[in-house]
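[1] Predicted model follows, preceded by the sequence.
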Amino acid sequence: MFLLLVMGQWTAHAAPPTSLDLELIDAARKGDLAGVKGALEKGANPNAADEYGWTPLRASAWRGDLQVAILLLEKGAEVNAKDKYGRTALIRAAEMGRARMANLLMEKGAYVNAAEPDGWTATKTAIMREDIEMVRLLVRRGATLTLPMAAMLGAKKETRQFIDGGADLNAADESGATPLMLAAGWGHTDVIQLLLEKGANVHVRSSCGVTALMWAARQGQAEAAKVLVDRGALVDEAADNGRTALMWAAIEGQSDVVRLLVRVGAKVDIRDWSGMNALDAGRFNKEIGELLKGLGAGN
């Protein structure tokens, strides 16, 4: 195997691993410190990768095995090497919630903002896990954090800091979602309330016409949906495909949200681009269909 430095990032280019390399990777995956030492002493490549892209360091990061990782780094494992999927050991540590491992890797020079080909970073990975302490660790080490990311995480302290710094509360991220939409989709009611109190627009639509209420409805976030409705969200507003919050909730089988929206007067007969309405969605989901019937929807 050889390593090529491209645009500041080490990328692993796989030559077929030897049997000794595979022995090293397997030992690292098992947390077998003695096995790792033995394979390295015999000449195994600390930067070897198997057919699935696993390197010894990535395996130790996945396990959170600090002793193995320290040994590998001492023996020349490249801390910023990417596997064939573009993942670094730091991204893997964040994915598994290994804070001590992440800290070690960053101390050894891991690029905190290293990204996979699709732009996925350790920070975004930690946000998806709702691991606020990992995110804060990464940010202290220089990771990029934006207001939409803070809202998605439910990090009220960081969200307030962005607000106090004059951030645009209605600006969308690269996916077209605003901070309010992301907080709604993840059910962070305290962040939703903060954003609304500071001027976020409950009626803002994404590039495809989706509102924060639709985000909450689709993800089954009933408490978030209630906060939005109480603050004036339009329950019968439709996205560009014609689907309302009630339709999203019915299609996704989100019974608590369906119950809430029907009780506040959401119409069940609005049809989307395909001609389907909430009642039609209920025919494909017995629980939702019975719920709508029990609530008197469509009568």
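    Okay, I see it.

[2] C-alpha from now on. contacts and neighbour counts both.
    Noted.

[3] what are the ranges of the strands in the stretch 1-150 of the chain?
    Here the stretch 1-150 of the chain has its strands, by DSSP state E, counting those that start in this stretch, at 2-6, 9-13.

[4] if you average pLDDT over each of these, which comes out lowest?
    Lowest mean pLDDT within the strands of the stretch 1-150 of the chain: strand 2-6, a mean of 35.

[5] Which parts of the stretch 51-200 of the chain are helices?
    Applying DSSP state H, counting those that start in this stretch to the stretch 51-200 of the chain gives helices spanning 56-63, 66-74, 89-95, 99-107, 122-128, 132-140, 147-153, 156-164, 179-185, 189-197.

[6] Nearest to residue 18, out of these?
    Closest to residue 18 of the helices of the stretch 51-200 of the chain, according to C-alpha to C-alpha: helix 56-63, at 13.4 Å.

[7] Output the helices of the stretch 51-200 of the chain as a markdown table; include the columns mean neighbour count, distance to residue 40 and mean pLDDT.
    Below are these laid out as a markdown table (neighbours: other C-alpha atoms under 10 Å; distance: least, C-alpha to C-alpha, whole Å; pLDDT from 0 to 100):
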| stretch | mean neighbour count | distance to residue 40 | mean pLDDT |
| --- | --- | --- | --- |
| helix 56-63 | 27 | 11 | 95 |
| helix 66-74 | 19 | 9 | 97 |
| helix 89-95 | 28 | 19 | 96 |
| helix 99-107 | 19 | 20 | 97 |
| helix 122-128 | 23 | 28 | 93 |
| helix 132-140 | 18 | 31 | 94 |
| helix 147-153 | 25 | 40 | 94 |
| helix 156-164 | 17 | 44 | 96 |
| helix 179-185 | 28 | 46 | 97 |
| helix 189-197 | 19 | 50 | 98 |
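
[8] For residue 38, which of those is the nearest?
    Closest of those to residue 38 is helix 66-74, at 11.6 Å (criterion: C-alpha to C-alpha).

[9] Longest helix in the chain, please.
    Secondary structure assigned by DSSP state H gives helix 19-30 as the longest helix of the chain.

[10] For that helix, give the mean pLDDT please.
    Helix 19-30 shows a mean pLDDT of 95.

[11] got a list of contacts for stretch 149-157?
    124, 127-128, 130-132, 158-159, 179-180, 182-183, 185-186, 188, 190-191, 194 (C-alpha atoms under 8 Å, 6 or more residues apart in numbering).

[12] Correction: the previous question concerned stretch 107-124.
    9, 79-80, 85-88, 90-92, 94-95, 106, 134-135, 138, 141-145, 149.

[13] tell me the centre residue of this structure?
    Closest to where the C-alpha atoms of the chain average out (C-alpha atoms, centre = their mean) is residue 128, at 2.6 Å.

[14] Just want to check the distance between the closest residue to it other than its chain neighbours and residue 168.
    Spatially, and ignoring its direct neighbours in sequence, residue 128 is nearest to residue 153 (7.6 Å; C-alpha to C-alpha, 6 or more residues apart in numbering). Here the distance between residue 153 and residue 168 works out to 18 Å (C-alpha to C-alpha, to the nearest Å).

[15] now residue 176
    From residue 176 across to residue 168, the span is 14 Å (C-alpha to C-alpha).

[16] Got the confidence number for the nearest residue to residue 231 once chain neighbours are set aside?
    Of all residues not flanking residue 231 in the chain, residue 202 sits nearest, at 7.5 Å (C-alpha to C-alpha, 6+ apart). Looking at residue 202, its pLDDT is 97.

[17] Contacts only, for the nearest residue to residue 129 once chain neighbours are set aside.
    Closest residue to residue 129 apart from its sequence neighbours, by C-alpha to C-alpha, 6+ apart: residue 95 at 7.4 Å. Applying C-alpha under 8 Å, 6+ apart to residue 95 gives the contacts 122, 125-126, 129.

[18] out of those, who's nearest residue 66?
    residue 122 (18.1 Å).

[19] if I look at that closest one, how far off is residue 96?
    Distance of residue 122 to residue 96, given as C-alpha to C-alpha: 10 Å.

[20] and if you look at residue 105?
    Using C-alpha to C-alpha, one obtains 14 Å as the distance from residue 105 to residue 96.

[21] can you check residue 25 too?
    18 Å.

[22] what residue ranges in the stretch 151-299 of the chain are flagged as low confidence?
    For the stretch 151-299 of the chain, applying pLDDT under 70 flags the ranges 296-299.

[23] Skipping adjacent residues, who's closest to residue 25 in space?
    In space, residue 25 is closest to residue 56, 4.6 Å off (C-alpha to C-alpha, 6+ apart).
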